[in-house]
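**Q** Generate a structure from the sequence data that follows.
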Amino acid sequence: MQPTPEEDAVNSADDAADSAADSPARTAPALRKRHGNGPVFFVIATVFAVLSAVGWGYSVMNYSGLGGGVYHQVVSYSAPTPDEATIVYEVNSKNGAECLIVALDEKLVEVGQADSDVEAGNRTVTTTVETLRQAATVEVASCREQGSQD
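**A** Just a heads-up that it's a prediction; the model follows:
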């Protein structure tokens with residue numbers, strides 16, 4: 001069976017290296033010259049991968065979000081009439097918070113909006129929003145620390 005052109009090139013380079021074996025510095029085979037003379041690239045790649053993994057883990061563990069230390073979670077909402085909607089939510093903040101509540105219809109068009117001031121600490125808040133027509137959902141659009149944009 002005839003060797004492939006790649007095998008032929010490797011064999012001819014290895015034969016030339018074998019014929020030069022009587023020289024003091026034996027030359028490496030052609031494939032070894034092309035791909036490196038040891039585990040240097042493997043070690044560099046492994047060190048890079050470990051450092052990347054450690055850096056990524058550190059950044060994920062220290063991510064605190066863009067909320068500025070105010071956290072909110074919706075407990076429930078209802079829209080019993082076309083004139084109003086009610087939402088119950090929890091807010092956790094150090095210095096108090098200002099929350100923006102929006103009511104949306106079935107096409108996600110805003111039909112009402114309300115601002116709510118929340119005292120510091122972990123609080124459960126109930127807010128009523130006046131609406132233009134029947135709301136399908138009510139949500140906390142944002143909560144930020146009081147006085148953060150004076």
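
**Q** After the host helix or strand of residue 51, which helix or strand is next?
**A** For residue 51, the enclosing helix or strand under DSSP states H and E is helix 40-61. Next helix or strand after helix 40-61 toward the C-terminus (DSSP H and E): strand 71-81.

**Q** which strands and helices sit next to that following strand?
**A** If contacts are counted by 3 or more CB pairs under 8 Å, 6 or more residues apart in numbering; DSSP states H and E, strand 71-81 sits against strand 84-93, strand 97-104, strand 137-145. Every residue, glycine included, has its C-beta placed from N, CA and C.

**Q** Could you save the ones you listed as CSV and add columns showing distance to residue 53 and mean neighbour count?
**A** Below are these laid out as CSV (distance: least, CB to CB, whole Å; neighbours: other CB atoms under 10 Å):
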stretch, distance to residue 53, mean neighbour count
strand 84-93, 32, 20
strand 97-104, 36, 22
strand 137-145, 34, 18
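
**Q** Now tabulate those strands in CSV and tack on distance to residue 52.
**A** Shown next, in CSV, are the helices and strands packed on strand 71-81 (distance: least, CB to CB, whole Å):
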stretch, distance to residue 52
strand 84-93, 34
strand 97-104, 37
strand 137-145, 34
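
**Q** Spatially central residue for this protein, please.
**A** residue 60 (8.0 Å; CA atoms, centre = their mean).

**Q** With distance to residue 56 and mean pLDDT added, can I get the helices and strands packed on strand 71-81 in CSV?
**A** As requested, those are exported to CSV (distance: least, CB to CB, whole Å; pLDDT from 0 to 100):
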stretch, distance to residue 56, mean pLDDT
strand 84-93, 28, 94
strand 97-104, 31, 95
strand 137-145, 28, 92
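
**Q** Show the end-to-end separation of stretch 90-100, please.
**A** Using CA to CA, to the nearest Å, one end of stretch 90-100 lies 13 Å from the other.

**Q** Show me what it is in contact with.
**A** 69-73, 75, 89, 113-125, 127, 140-147 (CB atoms under 8 Å, 6 or more residues apart in numbering).

**Q** one more time with 7 Å
**A** Identification of contacts with stretch 90-100 by CB atoms under 7 Å, 6 or more residues apart in numbering yields 69-73, 75, 115-120, 122-125, 140-146.

**Q** Can you say which of the residues you listed are buried?
**A** Buried members of the contacts of stretch 90-100, counted by 16 or more other CB atoms under 10 Å: 70, 72, 116, 118, 125, 140, 143, 144, 145, 146.
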